[in-house]
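Enquirer: I'll drop the sequence and a predicted model, then ask my questions.
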Amino acid sequence: MAARGRCPECGSAALVEDAHYAQQQLVCAACGCVLAEGLLTTTYTDEEHLREVSYSQSTGQKEQLSRSLQRGIRRVQDLCKVLQLPTVFEETAVSYFQRALQHPSFHLVSLEKKELLGGCCVFVTCRQHNWPLTMGTICSLLYAKQELFAGVFLSLQKELGLSLPALGLAELVKTHLSSFRLFQQTGDIPDQFVEDKEKVVARTLQVVELASETWLVTGRHPIPVVTAAAFLAWQSLRPPARLGCPLARFCRMAAVDLPPPAHLRLKELLEVLLRMASQLAWLRVFKVDKKTVVKHLGDLLQHRVFLMKKAFCTEEEEEQHPLDKGSPGEGSPPAAGRAEQEKDRPSGGRRWQEGSRRPLLPPCLLNPRKRPRPATPDTAGSALTGDEPISDSEIEQYLRGPREIRDFGKAKGWL
């Protein structure tokens, strides 16, 4: 649309009105000089009224937010493609990202957290559909710290009101083992160390189930347990070529991190397997130790239920032969009863006699750690000594029934 007057820069009369976004401008068509600017307006409700608005509500700000949203959506889509997720997962993750970016709680967060927001939406979607995916996998793809990612994830879950099911141990095993390089033929891994993925996963699941039944998983981080179980399963499939390979080398060849507690979990698993092997008839003629028990892992897992009943005391047997009391059995003299109890007790609080049966208790009760607690400064002037009287109502909070009292006494007897 042409306008009257001349350009003060070049003197041309070719002046036109140009709409830059929603802002009307008077521009010289010859040199491009802007002679006058109009009002900032929005393109949603105030377009026809030409009402003045702030820049945060103007078209320019809306377009900038749209570009940020588009970049985030592309980032979410690329992450879904890398993980090879179904299309419905990608659509759900994009919808979560759009909701999160429009939420006021995520408007003023740092750019680093906004970039992690897309990964959190993908992680939430996979957890809701029971897709095996760990937080460590997402963090490795995004080159992010797990502490920062966990904070953004918890904020997203809280602000959007999302509910997530707990990740099962079987799904965690499949996810953790899927990244092992030992299942692929590469030049830097010897042929005798390469193994079929399905065989390793199947046997690792059996070892993890055994660890769960013997209290080796409860209260522990699952990754060290899974790593130790995968190492034993891998060794047992071809023992002659793999018994000399230590756990550290196994993790290096698999290209996975070695968790520090994995050596402890491996030691506990070997102790359980040795106790089960002592009850297997055809293994009593061999000298089975921690290095050779892996050869018979398949037989031990096949007869797991029977061997656990033979190697560990059941609750009914423990009630028939209580060790926390000094009473002998029927027809036995008191001295013989006490000697039999001492025989079944651990030597020094850690080791059990060969062939004896112990109750199935958590390792924290079998091998208690006595760590001195640092003394805290007494600010109130009355330090707690531990000899203060306990009211009956407070005791009832800990011991609520005769069975719990009996179980507590048995645990003290074993310690």
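Expert: Yes, it's here. Numbers count the residues shown, from 1 in each chain.

Enquirer: measure L232 to H296 for me?
Expert: When CB to CB, to the nearest Å is the yardstick, L232 and H296 sit 11 Å from each other. In this view, the C-beta of every residue, glycine as well, is placed from N, C-alpha and C.

Enquirer: any idea how this structure splits into domains?
Expert: Domain assignment of the chain by the TED database yields the ranges 1-51, 68-165, 180-313.

Enquirer: Take those and write them to TSV, including distance to E404, mean pLDDT and mean neighbour count.
Expert: Rendered in TSV, the data for the domains of the chain read as follows (distance: least, CB to CB, whole Å; pLDDT from 0 to 100; neighbours: other CB atoms under 10 Å):
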stretch	distance to E404	mean pLDDT	mean neighbour count
domain 1-51	65	66	13
domain 68-165	31	88	16
domain 180-313	18	88	17
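
Enquirer: Minimum distance to E388: which of these has it?
Expert: The closest approach between E388 and any of those, judged by CB to CB, belongs to domain 180-313 at 28.7 Å.

Enquirer: from the middle of its chain, how far away would that closest one be?
Expert: In terms of CA atoms, centre = their mean, to the nearest Å, the gap separating the centre of domain 180-313 from the centre of its chain is 21 Å.

Enquirer: Can you lay out the domains of the chain as TSV showing distance to D407?
Expert: As requested, these are exported to TSV (distance: least, CB to CB, whole Å):
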stretch	distance to D407
domain 1-51	68
domain 68-165	31
domain 180-313	13
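
Enquirer: These: which one's closest to L361?
Expert: Between L361 and the domains of the chain, the shortest separation by CB to CB is 6.8 Å, and it involves domain 180-313.

Enquirer: hmm, back to that, how about the domains of the chain, which one is nearest L365?
Expert: Across the domains of the chain (criterion: CB to CB), the nearest stretch is domain 180-313, sitting at 8.7 Å.

Enquirer: Surely A36 forms part of a strand?
Expert: Yes - assessed with DSSP: H, G, I helix; E, B strand; the rest coil, A36 lies in a strand.

Enquirer: how close does it sit to D257?
Expert: Relative to D257, A36 is positioned 64 Å away (criterion: CB to CB).

Enquirer: swap in E213?
Expert: From E213 across to D257, the span is 27 Å (CB to CB).

Enquirer: Please enumerate the helices of the stretch 151-300 of the chain.
Expert: For the stretch 151-300 of the chain, the helices defined by DSSP state H, counting those that start in this stretch occupy 169-177, 197-213, 222-237, 239-242, 247-254, 262-277, 297-302.

Enquirer: name the helices or strands packed onto the second one?
Expert: For helix 197-213, the packing partners by 3 or more CB pairs under 8 Å, 6 or more residues apart in numbering; DSSP states H and E come out as helix 169-177, helix 222-237, helix 262-277, helix 297-302, helix 304-311.

Enquirer: List of residues touching that helix?
Expert: Around helix 197-213, the neighbours that count as contacts under CB atoms under 8 Å, 6 or more residues apart in numbering are 169-170, 173-174, 177-178, 180, 182-183, 217-218, 225-226, 229-230, 232-234, 236-237, 265, 268-269, 272, 297-298, 301, 304, 308.

Enquirer: From one end of stretch 256-267 to the other, what's the distance?
Expert: Between the opening and closing residues of stretch 256-267 we find a distance of 20 Å, counting by CA to CA, to the nearest Å.

Enquirer: all strands for this structure, in order.
Expert: In the chain, strands defined by DSSP state E lie at 2-3, 15-20, 23-28, 34-37, 312-313, 358-359, listed in chain order.

Enquirer: Against L269, how distant is R220?
Expert: Taking CB to CB as the measure, R220 and L269 are separated by 12 Å.

Enquirer: nope, I73 is what I meant
Expert: From I73 to L269 the distance is 46 Å (CB to CB).

Enquirer: which residues touch stretch 273-284?
Expert: With CB under 8 Å, 6+ apart as the contact definition, stretch 273-284 has outside contacts at 232, 288-290, 293-294, 296-297, 299-300, 303-304, 307-308, 310-312, 352, 354-355.

Enquirer: repeat that with 10 Å
Expert: 207, 210, 214, 232, 286, 288-290, 292-297, 299-301, 303-304, 306-312, 352, 354-358 (CB atoms under 10 Å, 6 or more residues apart in numbering).

Enquirer: P260 contacts P224, doesn't it?
Expert: Yes - judged on CB atoms under 10 Å, P260 makes contact with P224 at a distance of 7.7 Å.

Enquirer: residues in contact with L164?
Expert: Taking CB under 10 Å, 6+ apart as the contact definition, L164 lies against 123-128, 153, 157.

Enquirer: How about the contacts made by the residue nearest to R252 when sequence neighbours are not counted?
Expert: In space, not counting the residues next to it along the chain, R252 is nearest to L258; the distance is 8.0 Å by CB to CB, 6 or more residues apart in numbering. Listed by CB under 10 Å, 6+ apart, the contact set of L258 reads 224, 227, 231, 247-252.

Enquirer: Can you tell me which of the residues you listed is nearest A30?
Expert: R252 (71.0 Å).

Enquirer: any idea how far L177 is from that closest one?
Expert: Between R252 and L177 the distance, using CB to CB, works out to 16 Å.

Enquirer: try A241
Expert: From A241 over to L177 the distance is 20 Å, taken as CB to CB.

Enquirer: Could you do L133 as well?
Expert: For L133, the distance to L177 - CB to CB - is 14 Å.

Enquirer: cool, and L232?
Expert: When distances are taken as CB to CB, L232 and L177 turn out to be 13 Å apart.

Enquirer: One more: E90?
Expert: Look at E90 and L177: by CB to CB, they are 25 Å apart.

Enquirer: Then E209?
Expert: 15 Å.
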